[in-house]
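Chemist: have a look at this fold, sequence not included:
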C-alpha cells in the first residue's frame, strides 16, 4: 500500500521540498518543526530536498544539527546535480550515491515505448535524433516528444523532428565533413548558407558538427560503431573520414612491407571501384582520384556512408 501511495504521489510519509525556492533559514526551521512527527502509514518518513545545493550557507548551518541527530524513523534525501557546492560538513554526514546519466540506447527505448503506448507514429531516425538530443535526460526526451505531438500531431516525421529541434540532418553533417576532407571550401560555405536560410541555429550546428567529427574518430579508432552512437539499425553504418584514411594509408604504405602494402592497395582499389560503381563512375577515374589523394600509392580511401 505504501509503495502504491508513493508511486501515485499521495503518500503522507514522503515529502518533497524544492530547495531552489525554499532556501532560507526560515524554510529550514519550518522543516525542522515538522520532522518530529511520526510516520503515518510507513516505517519511515522521507524528506526529499531537490536541488539541495541551492540552500544558503545560513540554511545549511541551521539544518546541520538536524542532520547530525535526525529523529527516529526519519530519512533525508539530498538530491543535487552539483554535489561540489554542498558544504563539506554536510557531505561527511551523508551516504553518497552517484547516479550516471542514461545511455542514448536507453533513452531511445523509452521514447519508442512511450510512442507505442500513446499510439504515436515516429520513425526510428527521429527516435534516435530525440535520444541523442536529450543528452542523458528522460525528462528532456519525453518533453521534446510532447512538443512534436503538439507540432505535427500523432504522426511524426524526421523533418518535423529536425524543425522542432533546429538541428541539421545527418546528410548535411556527412556532406560538410566530406567537403572539409576534400578541401572544398565552396561546398562548406553553401551548406552553411542553406542552414542559415532555413532558420537553423548555426551555433548548434557547429556543436553537432564537432560531435559528429568526434564520433567519426571514435568509430575509426575502435573499428566498430559504439552502441551509444548506433542507436538504431538506420545508424549502424561504418563511417571513415577521407582525411583520416589518406593520412593513415600514406603512413601505412611507407612503413609496412611491400606485400602488406600490396594487399591493402588491392583492398583500397576494390573499395574505390565499389564507390565509383555506385556513383556511376569508372575504375580508371576512381584510381586516378585515389592516386591524387595519396601520391605514394596507386589507390586511396574515400569516405563512405549510408544515405
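Modeler: Noted; the coordinates are in hand. Everything quoted here is computed from the prediction, not taken from an experiment. Numbers count the residues shown, from 1 in each chain.

Chemist: for residue 45, which residues are in contact?
Modeler: Residues counted as contacts of residue 45 (Cβ atoms under 8 Å, 6 or more residues apart in numbering) are 13, 14, 15, 35, 37, 38, 39, 73, 74, 75. Backbone N, C-alpha and C define where each C-beta goes, glycine included.

Chemist: can you put those in a markdown table and add pLDDT and secondary structure?
Modeler: Shown next, in a markdown table, are these (pLDDT from 0 to 100; DSSP: H, G, I helix; E, B strand; the rest coil):
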| residue | pLDDT | secondary structure |
| --- | --- | --- |
| 13 | 87 | coil |
| 14 | 89 | strand |
| 15 | 88 | strand |
| 35 | 84 | coil |
| 37 | 83 | coil |
| 38 | 82 | coil |
| 39 | 83 | coil |
| 73 | 86 | coil |
| 74 | 89 | strand |
| 75 | 90 | strand |
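
Chemist: got the confidence number for residue 123?
Modeler: Confidence at residue 123, expressed as pLDDT, is 91.

Chemist: now the helices for the protein?
Modeler: According to DSSP state H, the chain carries its helices in the segments 2-7, 25-34, 57-68, 88-91, 104-117, 124-133, 138-152, 158-165, 170-182, 185-197, 202-222, 242-255, 258-279, 283-293.

Chemist: look up phi and psi at residue 101.
Modeler: Backbone geometry at residue 101, expressed as degrees, to the nearest 10, gives phi -70, psi 150.

Chemist: distance of it relative to residue 216?
Modeler: As judged by Cβ to Cβ, to the nearest Å, residue 101 and residue 216 stand 23 Å apart.

Chemist: so which of those two has more stuff around it?
Modeler: More neighbours sit around residue 216 than around the other of residue 101 and residue 216, counting by other Cβ atoms under 10 Å; the figures are 22 against 12.

Chemist: for stretch 147-156, which positions count as buried?
Modeler: When burial is assessed from 16 or more other Cβ atoms under 10 Å, stretch 147-156 yields the following buried residues: 148, 149, 152, 156.

Chemist: what sits closest to the third one if chain neighbours are left out?
Modeler: Setting aside the residues directly before and after it, residue 152 is nearest to residue 160 in space (Cβ to Cβ, 6 or more residues apart in numbering), at 4.3 Å.

Chemist: and residue 48, how far from residue 63?
Modeler: 14 Å.

Chemist: between those two, who's got more neighbours?
Modeler: Neighbours per residue, other Cβ under 10 Å: of residue 48 and residue 63, the larger number sits with residue 63, 23 against 16.

Chemist: how close does the closest residue to residue 144 other than its chain neighbours get to residue 59?
Modeler: When the adjacent residues along the chain are set aside, residue 144 lies closest to residue 130, with 5.5 Å between them (Cβ to Cβ, 6+ apart). Counting by Cβ to Cβ, the gap between residue 130 and residue 59 amounts to 38 Å.

Chemist: those two: which is more packed in?
Modeler: Between residue 130 and residue 59, residue 130 has the larger neighbour count (other Cβ under 10 Å), namely 28 against 20.

Chemist: residue contacts, the more buried one?
Modeler: The neighbourhood of residue 130, defined by Cβ under 8 Å, 6+ apart, consists of 107, 108, 111, 141, 144, 145, 148, 161, 165.

Chemist: looking at it now. What's its pLDDT?
Modeler: Confidence for residue 130, expressed as pLDDT, is 89.

Chemist: separation between it and residue 162?
Modeler: Counting by Cβ to Cβ, the gap from residue 130 to residue 162 is 11 Å.

Chemist: same check on residue 120?
Modeler: The gap separating residue 120 from residue 162 is 17 Å, by Cβ to Cβ.

Chemist: the closest residue in space to residue 123 that isn't next to it in sequence - how many residues pack around it?
Modeler: In space, residue 123 comes closest to residue 158 once its chain neighbours are excluded; the distance is 5.9 Å by Cβ to Cβ, 6+ apart. Taking other Cβ under 10 Å as the neighbour definition, residue 158 ends up with a count of 18.
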